[in-house]
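Asker: pasting the structure only:
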């Protein structure tokens with residue numbers, strides 16, 4: 001019983017540190033936050049708690065991804081399963097919605113979700129290779145099936161160009177949702193009324209960017 005209670009306390013401490021780090025990084029960037037500040041934000045009297053549980057700030061940042069991606073991926077999997085069950089794999093807009101909607105749900109329904117998308121916005125702009133590489137790999141693993149479905153729906157677009165468009169798509173989705181959250185926090189009522197329109201418009205724009213025909217200029221460029 002004592003061991004079980006100790007394990008539960010340890011898990012609660014890890015989650016508290018993850019959420020505190022997420023909040024602080026969302027506001028100040030990865031380089032603007034120290035482990036000491038994270039300890040304080042999480043209400044930890046032990047000044048070395050973050051180091052004890054994670055070992056380094058990079059490991060703590062990776063733990064934020066892992067903490068969020070599980071629920072995001074479960075939502076995405078449910079949407080993709082429905083798309084396959086209904087034989088709608090070539091409905092590119094619906095596939096794009098399976099990228100956007102799970103992130104929006106995490107923002108709106110989960111503890112600290114607003115901080116998560118703003119954390120991602122900070123993380124993808126971070127110059128340190130290890131942090132960015134982990135982010136890129138996490139997204140690739142999470143959305144590889146989406147990429148495959150879109151590639152099959154758009155056989156006329158080369159894999160190289162589709163990969164570039166996918167990267168641009170992620171930048172647009174994450175930064176757009178992060179900016180929306182910042183505005184929402186400042187003017188909650190108006191932002192809430194515009195929420196569904198904004199999300200659908202974002203899905204429309206991303207779908208258009210992925211499916212637009214390759215121009216002659218792009219085809220000629222090396």
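Answerer: Happy to help now that I have it. Model, not experiment: these values are computed from the prediction. Residues are numbered from 1 along each chain as shown.

Asker: Low-confidence regions, the protein specifically.
Answerer: Confidence mapping of the chain against pLDDT under 70 gives the ranges 1-9, 112, 128-132, 134-136, 138-142, 187-194, 222.

Asker: Helices of that one, start to end?
Answerer: Residue ranges of the helices in the chain, as given by DSSP state H, are 2-28, 35-41, 49-54, 57-85, 92-109, 113-124, 129-153, 159-186, 188-211, 216-220.

Asker: Okay, buried residues for the fifth one please.
Answerer: In other words, helix 92-109. Of the residues in helix 92-109, those with enough neighbours to count as buried (16 or more other C-beta atoms under 10 Å) are 92, 94-104, 106-107. Any C-beta I mention is one placed from the backbone N, CA and C, and that applies to glycine too.

Asker: Is it possible to get CSV of those residues that adds distance to residue 185?
Answerer: Compiled in CSV, these are given as follows (distance: C-beta to C-beta, whole Å):
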residue, distance to residue 185
92, 32
94, 30
95, 30
96, 26
97, 25
98, 27
99, 24
100, 20
101, 21
102, 21
103, 17
104, 16
106, 16
107, 11
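
Asker: From the rest of the structure, what touches stretch 91-111?
Answerer: Outside stretch 91-111, the residues within contact range by C-beta atoms under 8 Å, 6 or more residues apart in numbering are 19, 68, 71-73, 75-76, 79-80, 83, 88-89, 113-114, 116-117, 143, 146, 149-150, 153-154, 169, 173-174, 177, 181, 199, 202-204, 206-207, 210-211.

Asker: Weed out the non-buried ones from those.
Answerer: Among the contacts of stretch 91-111, those classed as buried by neighbour count (16+ other C-beta under 10 Å) are 19, 68, 72-73, 75-76, 79-80, 83, 89, 113-114, 116-117, 143, 146, 149-150, 154, 169, 173-174, 177, 181, 199, 202-203, 206-207, 210-211.

Asker: sorry, back to before: return the closest of the buried residues of helix 92-109 with respect to residue 158.
Answerer: Residue 158 has its nearest neighbour among those in residue 92, at 16.6 Å by C-beta to C-beta.
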